[in-house]
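Asks: Test case, fold it:
(one chain, ligands or ions: 1)
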Amino acid sequence: MGPATATAREQAAVVPVTRLGPDGVLAPGCDPALSSAEALAAFRLMLLTRTYDERAFSLQRQGRLGTFSPVTGQEASVVGSAWALDPTRDWVVPQYRELPAMLRQGHTLEKVLLYQMGNPVGNRMEEGVNVLPIQISLAAQVPHAVGLAWGLRHQGLDACVITYFGDGASSEGDVHEAMNLAGVRRASVIFFLQNNGFAISTPVAKQTATESFALRAAGYGFPGELVDGNDLFAVYEVTRRAVERARAGEGPTLIESRTYRLGPHNTADDPTRYVDPEELRSWQALDPIVRVRAWLRSEGALDDASEVELQAELDGEVARAVAAAEAFPKVRPGQIFEHVYARPPDRVAAQWESVGEAGSA
Ligand SMILES: Cc1ncc(C[n+]2csc(CCOP(=O)(O)OP(=O)(O)O)c2C)c(N)n1
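Replies: Numbers count the residues shown, from 1 in each chain. Next up is the predicted model:
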C-alpha cells in the first residue's frame with residue numbers, strides 16, 4: 001500500500017499516483033502493493049506479453065498473421081489492473097490492446113493467435129472464461145460492460161466488471177452514455193481508460209481539452225483516479241481500491257492510466273511519420289518492465305540466471321501456441337455466421353447458404 005495519505009493533487013486526479021519509480025525504487029513510505037512472489041508472477045505475464053508482441057510482429061511480416069495491435073509499453077497498465085480482479089467471478093470487457101488481461105482471466109495464446117489469423121473461433125471464449133470478445137468498433141464495448149455489471153448485481157453477485165478503452169475511444173458518445181447510466185445505477189464497473197498518448201496518429205492534446213480524463217468522473221457522480229500507467233504497483237493499488245468499492249455496492253470508478261504506446265498503433269502503422277523521437281526516448285526511459293525487473297532484483301527475487309531461464313520458458317510457451325494455432329483446421333467462410341443467432345433470420349440464412357455451407361447455429 002502507499003503512504004497513509006495521498007497528496008491533494010493525487011486526490012484531485014491531476015497528478016498521477018506513482019509508487020515505483022523508473023529506477024525500480026519505491027517512493028519513501030510506500031510498502032510494495034504486491035509480495036515478491038506475486039510481483040514475479042505479474043512480471044512473468046508482462047514479459048510474456050512483450051515476447052508475444054515481438055514474435056507476432058515477425059509472424060505478421062511473414063504473412064502468417066493478420067493485423068494486430070501490440071501492447072508494448074502498456075504492460076504495467078494492463079497487467080496491474082487485471083491483477084486486482086478475481087478471475088473466477090470478475091469480468092474483463094476489452095478493447096483490443098489488452099492481451100495479458102485476457103490471459104489472466106483464462107483465455108489462451110492459441111486462441112488469440114487464431115483470432116489474429118482470421119479465425120472467429122479465437123474470439124469465442126471458453127465456458128468459465130469471464131471475458132467478452134475483443135471489440136474493434138471503438139467504445140461499443142463500454143455500454144455492454146455497464147449492462148453486464150448491472151446484471152451481475154441483479155443476480156446478487158458481488159462481482160465487478162472492468163472495461164478497457166483508449167483516450168481516442170473516450171471521445172465516443174457511447175462512453176458518455178455508459179458512464180452516465182453506470183453512475184445512476186451504481187453499476188459495479190471500472191472504466192479503465194488507457195491514455196497511451198495517441199489514437200493512431202492523433203495526439204492526446206487534440207483529443208481533449210481537460211488536464212486529466214479522470215476529472216470527467218465528477219460529472220457522472222463517481223470517483224476518478226489518475227495513475228502512472230507504467231507503474232505496476234500504483235496501477236494495482238488504484239484498481240484494487242476500485243474493485244473494493246464495486247464489491248461493496250458503492251458503484252463505478254473511472255481510472256485514467258497514463259502510459260505510452262512504445263510501438264506502432266498496429267502492424268499497418270508507421271509511427272516514425274508522426275511520433276517525436278525525443279518524446280519516444282523519454283518514455284522508453286520509463287519502460288514498465290525495466291522498473292519491475294529492477295525492483296525484483298533488489299528484492300533478490302530475480303537474477304541473470306533465473307531471467308534467462310524465464311525467457312526461455314516464455315519463448316517456448318509462445319512457440320507452442322504458434323504451432324498449435326497453425327495446426328488448427330483452416331477457417332471456413334461459413335464460420336462468421338455461427339454463434340450469432342440461435343435461429344438465423346432468412347436474410348442471414350440466405351447469405352450463409354451462398355457460401356456453400358447451409359447451416360444453422
Ligand atoms: C467507431 C470507430 N471509429 C474509428 C475507428 C478506427 N480506429 C481504430 S483504432 C483507432 C484509434 C483508437 O485510439 P484509442 O482509443 O486511443 O486506443 P489505442 O489504439 O491508442 O489503444 C481508430 C480511430 C474504429 N475502429 N471504430
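Asks: I'd like the next helix or strand past the helix or strand harbouring residue 76.
Replies: Following DSSP states H and E, one finds residue 76 within helix 75-83. Downstream of helix 75-83, the first helix or strand assigned by DSSP H and E is strand 91-93.
Asks: next one: that following strand to chain centre, how far?
Replies: 9 Å (CA atoms, centre = their mean, to the nearest Å).
Asks: before we move on, back to that, quick one: is the helix holding residue 76 near the ligand?
Replies: No: judged by CB under 6 Å from any ligand atom, helix 75-83 and the ligand are separated, with a smallest distance of 10.3 Å. Glycine gets a C-beta too; all of them are placed from N, C-alpha and C.
Asks: contacts for that helix?
Replies: 34, 38, 42, 45-46, 49-50, 71, 92, 97-101, 104-105, 162, 164, 190, 192, 194, 196, 229-236, 239, 255, 257, 259, 288-289, 291-292 (CB atoms under 8 Å, 6 or more residues apart in numbering).
Asks: Restricted to strands, list those residues.
Replies: 92, 162, 164, 190, 192, 194, 255, 257 (DSSP state E).
Asks: Can you name the residues that contact the last one?
Replies: Meaning residue 257. Per CB under 8 Å, 6+ apart, neighbours of residue 257: 77, 81, 192, 193, 194, 195, 227, 229, 235.
Asks: Kindly reformat the residues you listed as CSV containing neighbour count.
Replies: Output for the contacts of residue 257, formatted as CSV (neighbours: other CB atoms under 10 Å):
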residue, neighbour count
77, 33
81, 31
192, 31
193, 26
194, 27
195, 25
227, 29
229, 31
235, 32
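Asks: ok, so what distance separates residue 278 from residue 228?
Replies: According to CB to CB, to the nearest Å, residue 278 stands 20 Å off from residue 228.
Asks: Between the two, which has more neighbouring residues?
Replies: Neighbour tally, residue 278 and residue 228, criterion other CB atoms under 10 Å: the higher count belongs to residue 228, 27 against 7.
Asks: Distance of that one relative to residue 255?
Replies: For residue 228 relative to residue 255 (CB to CB), the value is 11 Å.
Asks: Same check on residue 8?
Replies: 19 Å.
Asks: Which one of those two is surrounded by more residues?
Replies: residue 255 (28 against 9).
Asks: how about the residues of the protein near the ligand?
Replies: Counting by CB under 6 Å from any ligand atom, the residues of the chain that sit close to the ligand are 97, 136-138, 165-169, 194, 196, 198-200, 261, 265.
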